[in-house]
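K.L.:
model this:
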Amino acid sequence: YHPTQSNARLRDFVTRGALSSECSHLPNGGGSDGYECNVCSSRMSPLPHPHTSGNMWLARCSYISKLVDPLALKEGKLPNKMNEEDPCNGRGRYLGEHWVHSHPSVRPCDLYPGKEFTWAHLRVPALGSWEKQLMKAPRFIFSEYVLPGMCMDEHPETLKVEEFIELRRQNYELLYDTSELEECWWGWGFLKQSIGA
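P.N.:
Numbering: from 1, shown residues only. Now for the predicted structure:
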């Protein structure tokens with residue numbers, strides 16, 4: 001952590017979500033839409049890899065128990081490829097922000113309705129209160145998460161809808177030795193919404 005104004009804004013934003021009453025009452029599938037949420041944050045972004053900027057969230061213990069040990073990278077228990085410092089693929093130190101969304105059974109929700117902030121530290125809402133609106137994430141179509149200049153030079157594949165499924169499968173294979181995507185996988189709804197837009 002570095003004490004800058006932008007970091008203070010991000011920390012305030014992500015903390016308000018993770019500690020909110022909305023996140024503490026995660027949907028369990030009993031609602032009219034049948035959606036179950038097992039991770040909640042102020043903003044979940046599917047690009048360039050599924051993550052929560054600022055790494056503050058609330059999650060169900062039953063889901064967290066499925067994840068790789070968070071110390072596995074430091075202890076050298078993950079494939080070498082995961083050691084690469086790669087912010088666009090959620091590897092190296094960036095695995096921390098990706099970790100909670102790294103399993104294929106994640107069912108993400110987020111709270112912030114605005115489109116101006118999707119990921120990175122760009123256009124984070126101002127300090128203070130903002131309207132929280134619990135919703136299945138990702139809440140916007142694919143193109144809303146593509147940020148000009150971010151990952152476009154070194155890893156343009158992370159920002160292409162046609163590469164999305166293959167990149168997720170590769171990641172699940174690296175971390176969990178599976179590439180199977182169940183019918184209820186969060187990415188299907190996201191892609192259907194994005195392609196149909």
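
K.L.:
confidence score at the residue nearest to Cys40 when sequence neighbours are not counted?
P.N.:
The spatial neighbour of Cys40 that comes closest, neighbours along the chain excluded (CB to CB, 6 or more residues apart in numbering), is Cys23 at 3.7 Å. Heads up, the C-betas are built off the backbone N, CA and C, glycines and all. With respect to pLDDT, Cys23 has a value of 95.

K.L.:
ok, now which ones touch Cys23?
P.N.:
Cys23 sits next to Gly17, Cys40, Ser41, Trp57, Leu58, Cys109, Leu111, Leu134 when contact means CB atoms under 8 Å, 6 or more residues apart in numbering.

K.L.:
three-state assignment of the second one?
P.N.:
In three-state terms, and counting by DSSP: H, G, I helix; E, B strand; the rest coil, Cys40 is strand.

K.L.:
partners of it in the sheet?
P.N.:
Cys40 has these beta-bridge partners by DSSP bridges: Leu58, Cys109.

K.L.:
point to the residue nearest the middle of the chain.
P.N.:
Centroid check for the chain by CA atoms, centre = their mean gives His51 as the closest residue, at 2.5 Å.

K.L.:
surely that one touches Cys88?
P.N.:
No - at 10.8 Å, His51 and Cys88 do not qualify as touching, with contact defined as CB atoms under 8 Å.

K.L.:
show the subsequent helix or strand relative to the lowest-mean-pLDDT helix or strand in the chain.
P.N.:
Lowest by mean pLDDT, DSSP states H and E among the helices and strands of the chain is helix 5-18, with a mean of 90. Toward the C-terminus, helix 5-18 is succeeded by helix 21-24 as the next helix or strand (DSSP states H and E).

K.L.:
where does this protein dip in pLDDT?
P.N.:
Along the chain, segments meeting pLDDT under 70 span 1, 30-33, 197.

K.L.:
show me where it has its helices.
P.N.:
Per DSSP state H, the chain carries helices over the ranges 5-18, 21-24, 61-64, 95-99, 164-176, 186-195.

K.L.:
so which of those comes closest to Arg123?
P.N.:
Among the helices of the chain, helix 5-18 comes nearest to Arg123, with 9.8 Å by CB to CB.

K.L.:
so what touches that closest one?
P.N.:
Contact with helix 5-18 is made by 1, 23, 40-43, 52-58, 110-112, 117, 121, 124-130, 132, as judged by CB under 8 Å, 6+ apart.

K.L.:
of those, keep whichever come out buried.
P.N.:
Buried residues within these, defined by neighbour count using 16 or more other CB atoms under 10 Å: 23, 40-43, 52-54, 56-58, 110-112, 117, 124-125, 130, 132.

K.L.:
now do the least confident helix or strand of the chain: distance to the chain's middle.
P.N.:
Computed by CA atoms, centre = their mean, to the nearest Å, the chain-centroid distance of helix 5-18 equals 16 Å.

K.L.:
likewise stretch 49-60?
P.N.:
With CA atoms, centre = their mean, you get 6 Å for stretch 49-60.

K.L.:
equivalent analysis for stretch 23-31, please.
P.N.:
Mean C-alpha position of stretch 23-31 versus that of the full chain (CA atoms, centre = their mean) differs by 18 Å.
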